[in-house]
Each structure stands twice: as C-alpha cells, then as structure tokens.
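>>> please work out how this folds:
(2 chains)
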Amino acid sequence: GDQVEQSPSALSLHEGTSSALRCNFTTTTRSVQWFRQNSRGSLINLFYLASGTKENGRLKSAFDSKELYSTLHIRDAQLEDSGTYFCAAGRGSALGRLHFGAGTQLIVIP
Amino acid sequence: DPKIIQKPKYLVAVTGSEKILICEQYLGHNAMYWYRQSAKKPLEFMFSYSYQKLMDNQTASSRFQPQSSKKNHLDLQITALKPDDSATYFCASSQDNYAEQFFGPGTRLTVL
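Okay, here's the model as predicted:
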C-alpha cells in the first residue's frame, strides 16, 4: 500500500544531545515535508524538500527520492524541541494529497 | 496575524446534528485542503481543491461536503454527525497542488 513509515515512534533526548528521525516511503515520492506539532496541536512547517538537503539552525533534513527515504536531524536538542514530528510525502500528482507518517513523539529532558 | 483562520476552534455537537467548519486563507494560495486527525492516528487527507474545483476526494462518506464560496474559502459541512467523527480537522493551503502546504490551527470537533 501507499505508506509512509516513520521511525522511531517515540524518542527521549537529554538537552544538548542529537538524534535523527527517519521516514521510508513505499512508492515514488516527489517531495517531503516535515512538521512539528506542538502541545497546542498546531502544525509548524520545518522543511519542504524536493531533493537534497536543507538546514535551518539546529535542524537539518535530507531527502533521497531514489532510495525513498528522508531524515530529520536534530542537533543540540533544547526543551522547546519537544513535540510530535511528522513527515508527509507528496506524490507529485496534480491532486495535491499529502501522505503522513504516524509521527515521532520527542521529549527533551533537562 | 494568522494567515489561515479556522473557526470555531472547539466544537461540541450531538449525534445526528449538522455542523460547518470554516476555513479562510490569506496567503494568496490557489489550492486548499482538508485533513483529519483522530486520536492515535496520523493525519488523514480528506479533500483537495484547486481554483475552487474539487481535485481529490478520499472521504468515503457523502456526509462530508466541502464548500468553496470564494477562492480563499473552503468550508466543510458535516451532516448526520457520529461519535466517530470526533477529531481535529485541519485546513491547509498551498500555492498550487505541487507546492508546500501550510496548515491552519485546526477545529477540534467532539460528537456526543
């Protein structure tokens, strides 16, 4: 089926440490978006990638459309990074549908 | 100022009733969407619109009807509400159907 497999499902990081989240795609993916959902439920745009890598502060994301995966690296984790991270795949059709992963619940521990 | 407005923020309804969820975007985008997030489930695509025309529909039930009265509006009418319809409904928009999507704050619907 058309799935987006996101891992890990949950992650605890001590402040100042780093880790990576991953999404595997089961079919051709044209673009990927990464979001953080905060405690109020708002979805915050982190990255939109059609290929390659992007970096924004302590966050860096990569997308390999041939190998069908994307990663989100969090460096020097801070308390405000806590939340649920979602990746979403765009298939490139004119229909615009995003296919979401199940999310990674990140807790940053002081 | 918020660029995507959803109203109301919270909504409680009784089984069998009808509600309309409002979405307005002020980003100048041509495509708009509805997604649903139920407890313990990932976000699920419902509808996509482009230039006020329905492009894709992933909702099996006809109880869910999008309504686009203006280019920057995409409301969602839900009839004959059921407890299973309880979820947070997110509206989103993008420049076109290939571009980055931005999400509104959501409407949390509870059906009793």
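>>> where does the prediction get shaky in the chain?
Just so you know, I chose chain A. A:1-2, A:94 (pLDDT under 70).
>>> can you look at chain B instead?
In chain B, residues with pLDDT under 70: B:1, B:40.
>>> let's see that with 90 instead.
Scanning chain B for pLDDT under 90 picks out the ranges B:1-2, B:39-42, B:56, B:58-60, B:97-98.
>>> run a quick neighbour tally on the residue in chain B positioned nearest to chain A.
Shortest chain B-to-chain A distance, computed as CB to the nearest CB: residue-wise this is B:Asn97, at 3.3 Å. All C-beta spots, glycine's among them, are computed from the backbone N, C-alpha and C. Using other CB atoms under 10 Å in any protein chain shown, B:Asn97 is surrounded by 21 other residues.
>>> surely it meets B:Ser50?
Yes: counting by CB atoms under 8 Å, B:Asn97 does reach B:Ser50; the two are 5.5 Å apart.
>>> secondary structure element holding B:Gln77?
Using DSSP states H and E, B:Gln77 falls within strand B:75-78.
>>> just give me how far that strand sits from the chain centre.
On the basis of CA atoms, centre = their mean, to the nearest Å, strand B:75-78 sits 7 Å off its chain's mean C-alpha point.
>>> now stretch A:77-93
The chain centre lies 4 Å from the centre of stretch A:77-93; the measure is CA atoms, centre = their mean.
>>> buried ones in it, by neighbour count?
A:Ala77, A:Asp81, A:Ser82, A:Gly83, A:Thr84, A:Tyr85, A:Phe86, A:Cys87, A:Ala88, A:Ala89, A:Gly90, A:Arg91 (16 or more other CB atoms under 10 Å in any protein chain shown).
>>> show me what contacts the last one?
With contacts defined as CB atoms under 8 Å, 6 or more residues apart in numbering or on different chains, the neighbours of A:Arg91 are A:Asp2, A:Thr27, A:Thr28, A:Thr29, A:Arg30, A:Arg97, A:His99.
>>> residue contacts, the closest residue to B:Asp84 other than its chain neighbours?
The shortest distance from B:Asp84 to any non-neighbouring residue, by CB to CB, 6 or more residues apart in numbering or on different chains, is to B:Val111 (7.7 Å). The contact partners of B:Val111, by CB under 8 Å, 6+ apart, come to B:Val12, B:Ala13, B:Val14, B:Thr15, B:Leu81, B:Lys82, B:Pro83, B:Asp84, B:Asp85, B:Ser86.
>>> please enumerate the helices of chain B.
Taking DSSP state H, chain B contains no helices at all.
>>> which residues of it lie near chain A?
Residues of chain B that fall close to chain A, judged by CB under 8 Å from any CB of the partner chain: B:31, B:33, B:35, B:41-45, B:48, B:50, B:55-56, B:58, B:88, B:90, B:92, B:94, B:96-98, B:100-103, B:105-106, B:108.
>>> partner residues bridging B:Ile5?
B:Ile5 has the following beta-bridge partners by DSSP bridges: B:Glu24.
>>> wait, isn't it in contact with B:Leu27?
No: using CB under 8 Å, B:Ile5 is not in contact with B:Leu27; the gap is 11.0 Å.
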